[in-house]
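Q: sequence and predicted structure, then a few things I'm wondering about:
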Amino acid sequence: MRIEEIKRIPQHHYAGGKAWLLDELTAAERRHSHELPGGLGLRWTNLQRDYAGVAIFNQDGVIGELELIPAEDFPLKAVQVYAITVDEEWQGQGIARALYGIVLSLQKKILVAGAEQTPGGRRNWVSLANIPGVEVQGYMKLSDRWFDGAAARKHNIDRILKNIMALGAEHIGTTQGQHFFSFPVVPGRTELQAPAVNAIRTYGPSELETGLYAQWVGS
């Protein structure tokens, strides 16, 4: 089963490109920049604005930008994708993957997928799952009410937990009355697949919330 609960939006709803990028970087952002490996003459920097993020640029200006927000309702300390865009002339050349890679492999931050994704965004997460050292996991949220009295008996929560644990799910924390479980995902051709979700959907309500997150597990 696909991860359906990340809102799927058509590509034309967020085309991205040059018009969405910063016009220029500040002097401090340029001064604290770093060379991007790959021999293309590119550099990257942390954005020092009223929002967090990372930008990749060359002598002509910013060519890729990843905006981040705190993942406040996630049980692990993490940042969430707010928006990502790449200059049209650089699309398809690994800039989006490099932006994600900076956050994961260099900054060692846990990255939660945005609440909405275009087809391109879903392909980016497939690409992430294939990077050595990066682990992409799905997550699901179960409300406190699932574990209380009649609801627990109705949904047979013990059987649900046993089934999803057998498929590799793990409890990763509880916040704001929501119990979070991670589960393995499998890279498909255009998006990530989640076999474990079937086990809980068989018994649980249709409003089950799921999503994706990535973290660096390499050396």
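A: Yep, that arrived.
Q: excluding sequence neighbours, find me the nearest residue to the residue nearest in space to the middle of the chain.
A: Central residue of the chain (CA atoms, centre = their mean): residue 113, 2.4 Å from the mean position. Excluding its sequence neighbours, the residue lying closest to residue 113 (CB to CB, 6 or more residues apart in numbering) is residue 212, at 4.0 Å. Heads up, the C-betas are built off the backbone N, CA and C, glycines and all.
Q: which strand residues bridge the one you found?
A: Legend: beta-bridge partners of residue 212 under DSSP bridges are residue 138.
Q: I figured it hits residue 135, correct?
A: No - the criterion here is CB atoms under 8 Å, and residue 212 misses it with residue 135 at 11.2 Å.
Q: ok, these two, which is more surrounded?
A: Neighbour tally, residue 212 and residue 135, criterion other CB atoms under 10 Å: the higher count belongs to residue 212, 25 against 17.
Q: where does this protein dip in pLDDT?
A: By pLDDT under 70, the low-scoring segments of the chain are 1-16, 116-118, 151, 154-155, 188-208.
Q: can you map out the strands along it?
A: 7-8, 34-35, 43-46, 52-58, 61-70, 78-86, 110-112, 116-117, 134-143, 170-175, 178-184, 186-187, 192-193, 209-216 (DSSP state E).
Q: before we move on, back to that, my guess is the residue nearest to the centre of the chain contacts residue 81. True?
A: Yes - counting by CB under 8 Å, residue 113 touches residue 81, with 5.9 Å between them.
Q: before we move on, back to that, distance check, the residue nearest to the centre of the chain against residue 67.
A: 14 Å (CB to CB, to the nearest Å).
Q: what's the overlap in contacts for the two?
A: Residues touching both residue 113 and residue 67 by CB atoms under 8 Å, 6 or more residues apart in numbering: residue 81.
Q: wait, residue 127 sits on residue 97?
A: Yes - taking CB under 8 Å as the definition, residue 127 is a contact partner of residue 97 at 5.2 Å.
Q: ok, now which ones touch the nearest residue to residue 77 once chain neighbours are set aside?
A: Take residue 77 and drop its neighbours on the chain: the residue closest to it by CB to CB, 6+ apart is residue 110, 6.7 Å away. Going by CB under 8 Å, 6+ apart, residue 110 touches 71, 74, 76, 77, 78, 79, 213, 214, 215.
Q: what bridges to residue 110?
A: Note on residue 110: beta-bridge partners by DSSP bridges are residue 78.
Q: can you tell me how far it is from residue 87?
A: 27 Å.
Q: residue furthest from the geometric center of the chain?
A: residue 150 (34.8 Å).
Q: from residue 33, how far out is it?
A: Distance, residue 150 to residue 33, using CB to CB: 58 Å.
Q: same deal with residue 130?
A: Using CB to CB, residue 130 is found at 27 Å from residue 33.
Q: then residue 176?
A: Computed as CB to CB, the residue 176 to residue 33 distance reads 37 Å.
Q: okay if I get the strands of the chain as a markdown table plus distance to residue 156?
A: Converted to a markdown table, the strands of the chain look like this (distance: least, CB to CB, whole Å):
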| stretch | distance to residue 156 |
| --- | --- |
| strand 7-8 | 30 |
| strand 34-35 | 52 |
| strand 43-46 | 48 |
| strand 52-58 | 42 |
| strand 61-70 | 36 |
| strand 78-86 | 31 |
| strand 110-112 | 30 |
| strand 116-117 | 32 |
| strand 134-143 | 13 |
| strand 170-175 | 18 |
| strand 178-184 | 16 |
| strand 186-187 | 26 |
| strand 192-193 | 25 |
| strand 209-216 | 20 |
